[in-house]
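K.L.:
Using only what follows, build the 3D model:
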Amino acid sequence: MFTRPDRGKWRGRGRLRALARRGFPLLIAVQVGLLTAAGAPGGGAAPAPAGVSVARVSRQVEPSMVDTITFTDPAGTEILGTGIILSATGLVLTDYHVIRDDVYVGVRVGGTGEVHPAEVVVTDPDADLALLQIQDAAVLRPAELARTSSAAIGDPILAIGNARGLGRAPEAVRGHLVALDLSVRYGIGSGTVDLAGMIEAAAPIFAGDSGGALVDATGRVIGLIAAGSDDTPCAPEAVCPLHIVYAIPIHAALTRIGYTAL
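P.N.:
Numbers count the residues shown, from 1 in each chain. Next up, the predicted model:
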């Protein structure tokens, strides 16, 4: 899950990480701590512009998020990530690298409560996208999705996801947009994906945030969090954030998988 970026495309920015983390169910806190050594807290990202209320936007968006909990083999190897609810009937968008090659996928709505089984209904490994259908869930609240490409560099954003895989409500952090329409390469297992049109934002993110939401100041989802990078040193065995976020634009992701509700 961890690879070095192609330095030609990444301008020497440093290590790139896909943000779902592998571990063992009973040792996930330990495994996440060992595997997120990528950047030191407080460095790398410029202060976010004013204009985003973390508490208000979190209350709005968190009910439309799920923690993804994927068991990859009978021994119980686990991948923890995030997903975005698209429909009241339980369709969820996430990254392919969160659910790849797995035998069971479960989701926890809002990061707490019962784990519901979820069926994988669409996968697109080349675009790092997957669509899930939650089973046996009540009527859900879909996320509000951005309908236009109105985002601009410098805009305030929040990144929301299952940071560190702690099994609680999704965590929101402030940041701002740095670049739009980037070409990005990152690793999935033994291979790589090359994605065009990506969003870059400055915000501190952690293991487990893969499949989470990049949202604007009004709480509309503008992107699906896919990877991150950082040049800042981090002490061995420390749990440190990545300060650069790469997200797939939400309208591009839905068009790619054939979802037409936007």
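K.L.:
For the stretch 101-250 of the chain, which residues score under the pLDDT cut-off?
P.N.:
148-149 (pLDDT under 70).
K.L.:
mind listing the helices for it?
P.N.:
250-257 (DSSP state H, counting those that start in this stretch).
K.L.:
Please tell me how far the spatially most central residue of the chain sits from residue 137.
P.N.:
Of all residues in the chain, the one closest to the mean position by Cα atoms, centre = their mean is residue 210, 2.6 Å from it. Residue 210 sits 21 Å away from residue 137, going by Cβ to Cβ, to the nearest Å. Where you see a C-beta, it was placed from the backbone N, CA and C, and this is true even at glycine.
K.L.:
Over to residue 57?
P.N.:
24 Å.
K.L.:
which one of the two has more residues nearby?
P.N.:
Ranked by neighbour count (other Cβ atoms under 10 Å), residue 57 and residue 137 place residue 57 first, with 22 against 19.
K.L.:
List the contacts of the more buried one.
P.N.:
Shown in contact with residue 57 (Cβ atoms under 8 Å, 6 or more residues apart in numbering): 158, 172, 215, 217, 218, 219.
K.L.:
just residue 71 next, same as before
P.N.:
77, 78, 102, 103, 104, 105, 106.
K.L.:
now residue 59, what's its secondary structure?
P.N.:
Residue 59 falls in the helix class when you classify it by DSSP: H, G, I helix; E, B strand; the rest coil.
K.L.:
Can you tell me how far it is from residue 215?
P.N.:
Taking Cβ to Cβ, one finds residue 59 at 12 Å from residue 215.
K.L.:
Settle it for me: which of these two has more neighbours?
P.N.:
Ranked by neighbour count (other Cβ under 10 Å), residue 59 and residue 215 place residue 215 first, with 28 against 12.
K.L.:
Residue 62 is in contact with the more buried one, correct?
P.N.:
No - counting by Cβ atoms under 8 Å, residue 215 does not reach residue 62; the two are 10.6 Å apart.
K.L.:
anything in contact with each of the two?
P.N.:
Joint contacts of residue 215 and residue 62 (Cβ under 8 Å, 6+ apart) are residue 160.
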